[in-house]
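Visitor: any chance you could fold what I've pasted below:
(4 chains)
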Amino acid sequence: MKTITSITQDEIDLNTLLQAITDDGTGAAAIFTGMVRGITERGDPHQTTYLEYEAYQPMAEAKMRQVAQEIRARWETVQGIVIVQRIGRLYPRTPTILIACTAAHRDTGVFEAARYGIDRLKEIVPVWKKEIKPDGEEWVEGEYHPTPGE
Amino acid sequence: MKTITSITQDEIDLNTLLQAITDDGTGAAAIFTGMVRGITERGDPHQTTYLEYEAYQPMAEAKMRQVAQEIRARWETVQGIVIVQRIGRLYPRTPTILIACTAAHRDTGVFEAARYGIDRLKEIVPVWKKEIKPDGEEWVEGEYHPTPGE
Amino acid sequence: MSPTKILFFATLRDRAATRALEMELPPGTTIAQLKSLLIQQRPALAGLLEHCLASINHEYRFDEDPIPPAAEVAFFPPVSGG
Amino acid sequence: MSPTKILFFATLRDRAATRALEMELPPGTTIAQLKSLLIQQRPALAGLLEHCLASINHEYRFDEDPIPPAAEVAFFPPVSGG
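Guide: Residues are numbered from 1 along each chain as shown, chains lettered A, B, ... in the order given. Presented below is the predicted three-dimensional model:
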């Protein structure tokens, strides 16, 4: 029942993180990773040179732990949880975020739990990215406004 | 739009496989891995010493490519697909299977595609495992009977 | 005639006590007929072979399907990979 | 009085032209009152600070919430991590 949450400047190592939440009862893991897109086609099509991520670190870590608790409250079969956000200057093709959830079996919510985790992280974990494009730079702004108790 | 399918005796390297299907348009990946459980609680609770996997290799590779095609037919936004089945003697905590699907964004089916992939693999890809327990061994038998056209 | 290659996997291989064999089959022989032939030769397969899965040239095939010349036929239980 | 630590992130930091500052606040000062004070001191924050998110001691807080002594208050836009 291990929970690992981390804000890091280091490369995200999927093998090591998965192993860290695997135990003798683990039979399934659902993992989500997000990467920097160099080319975006949806919405306003554009190129990205790199992203500069920053975090309000102690609050981000607290909110990542909260996301893990919310996952456990919703899927009691989830055993291990990893949530890692990488920050700093990140180039296209680089994984920036990882959410992994493990369980004994694949049919008791691991996919839904990982999906919930990334959606929730993008709502409440205080991390921002500045997008550097060939023709300028701008902060990417989210849309979610937390309500009291979040 | 890369598809990688493989039956292997080697360790499954998540980092390398994810990188192999990441390109400049990739923003999201959903990955499923299955591991050998040393302890199973659901159904008939028991311990597992190790599993011995075998494959009908050329047919398994053909059926893995078919699963990838079925994924692409259902989720046209899916970009990269990896399906790797490890075979041989595999001990508890060891990843035995990996399915990864990438897309530009996380909300266009990557989670569902990866889930479909593992479910389908367990139906039609000819791989079997013999379970070696402290008190004996037995072939694990699936339940699915393919119909004409599968 | 071209010989037919026949493969067994998992429990079927244990019961057949072989991984592979070759047989000369009359043209038009079906999967069901081949199963009967095999059970005559290897009675230990009786009770198991009738209900297992079959493939011809890496595609799932069924009792009524005829086996083409020089085919690779395989018999195995429902799959249990992952 | 214990000073309140105030942090700015992302666009808010650019507009405030600082990452952090300390202020002595009267007991019971609310987030809304602190925003007004900050806009008086740094007019560049006007139009942005009113609608941004706020936290007190790493929890989301809102205009009407009072700031306890020695708190860490942060102002930032809706999050965009992942």
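
Visitor: check contacts around the residue in chain A positioned nearest to chain C.
Guide: Relative to chain C, the nearest point of chain A is A:Arg106 (8.4 Å; Cβ to the nearest Cβ). All C-beta spots, glycine's among them, are computed from the backbone N, C-alpha and C. Residues in contact with A:Arg106 (Cβ atoms under 8 Å, 6 or more residues apart in numbering or on different chains) are A:Gly27, A:Ala28, A:Ala30, B:Phe32, B:Gly34, B:Arg115, B:Ile118.

Visitor: cool, and C:Gly28?
Guide: The neighbours of C:Gly28, taking Cβ under 8 Å, 6+ apart as the test, are C:Pro66.

Visitor: ramachandran coordinates for it?
Guide: The phi and psi torsions at C:Gly28 (degrees, to the nearest 10) take the values phi 90, psi 0.

Visitor: ok, back up a step: filter the contacts of A:Arg106 down to the buried ones.
Guide: When these are checked for burial by 16 or more other Cβ atoms under 10 Å in any protein chain shown, the buried set is A:Gly27, A:Ala28, A:Ala30, B:Phe32, B:Gly34, B:Arg115, B:Ile118.

Visitor: get me the contact residues on chain A for chain B.
Guide: Taking Cβ under 8 Å from any Cβ of the partner chain as the criterion, the neighbours of chain B within chain A are A:13-15, A:18-19, A:22-42, A:92-93, A:95, A:104-106, A:111, A:114-115, A:118.

Visitor: on that earlier part again, between the contacts of A:Arg106, which is closest to chain D?
Guide: Checking the contacts of A:Arg106 against chain D with Cβ to the nearest Cβ, the nearest one is A:Ala30 at 16.5 Å.

Visitor: what residue lies at the spatial centre of chain A?
Guide: The residue at the geometric middle of chain A, judged as the C-alpha nearest the mean C-alpha position with Cα atoms, centre = their mean, is A:Ile97 (3.9 Å).

Visitor: list the residues that contact that one.
Guide: Shown here is A:Ile97, whose contacts under the criterion Cβ under 8 Å, 6+ apart are A:Ile12, A:Phe32, A:Thr33, A:Gly34, A:Val84, A:Gln85, A:Arg86, A:Ile118, A:Leu121, D:Gly81, D:Gly82.

Visitor: and for A:Thr102?
Guide: For A:Thr102, the residues meeting the contact criterion (Cβ under 8 Å, 6+ apart) are A:Leu18, A:Ile21, A:Thr22, A:Thr26, A:Ala28, A:Ala29, A:Val78, A:Gln79, A:Gly80, A:Ile81, A:Val110.

Visitor: now do A:Glu141
Guide: Taking Cβ under 8 Å, 6+ apart, one finds A:Trp128, D:Ala10, D:Thr11, D:Pro77, D:Pro78, D:Ser80 in contact with A:Glu141.

Visitor: before we move on, which element is the closest residue to chain D within chain C in?
Guide: Shortest chain C-to-chain D distance, computed as Cβ to the nearest Cβ: residue-wise this is C:Gly82, at 29.4 Å. When secondary structure is defined using DSSP states H and E, no element contains C:Gly82, which sits outside every helix and strand.

Visitor: that one against B:Thr96, yeah?
Guide: Yes - here C:Gly82 lies in contact with B:Thr96, judged by Cβ atoms under 8 Å, at a distance of 6.8 Å.

Visitor: quick check: neighbours shared by these two?
Guide: With contacts taken as Cβ under 8 Å, 6+ apart, the residues that reach both C:Gly82 and B:Thr96 are B:Gly34, B:Gln85.

Visitor: the top helix by length along chain C: what's the following helix or strand?
Guide: Secondary structure of chain C per DSSP state H: the longest helix is helix C:31-41. Helices and strands here follow DSSP H and E; after helix C:31-41, the next one along the chain is strand C:53-56.

Visitor: pull up the pairing partners for that next one, direction included.
Guide: Each strand pairing with strand C:53-56, determined using DSSP bridges, is listed with its direction: strand C:59-61 (antiparallel), strand C:72-76 (antiparallel).

Visitor: identify those among the buried ones among the contacts of A:Arg106 that sit within helices.
Guide: Among the buried ones among the contacts of A:Arg106, the residues falling in helices (DSSP H) are B:Arg115, B:Ile118.

Visitor: strands paired with the host helix or strand of A:Ile132, and their directions?
Guide: According to DSSP H and E, A:Ile132 maps onto strand A:127-133. For strand A:127-133, the paired strands and their directions (DSSP bridges) are strand A:50-55 (antiparallel), strand A:136-140 (antiparallel).

Visitor: what about whatever residue of chain C ends up closest to chain B, neighbour count?
Guide: With Cβ to the nearest Cβ, the shortest gap between chain C and chain B falls at C:Gly81, namely 2.8 Å. For C:Gly81, the count of nearby residues is 27 (other Cβ atoms under 10 Å in any protein chain shown).

Visitor: if anything else comes up later, I'll come back, but that's it for now.
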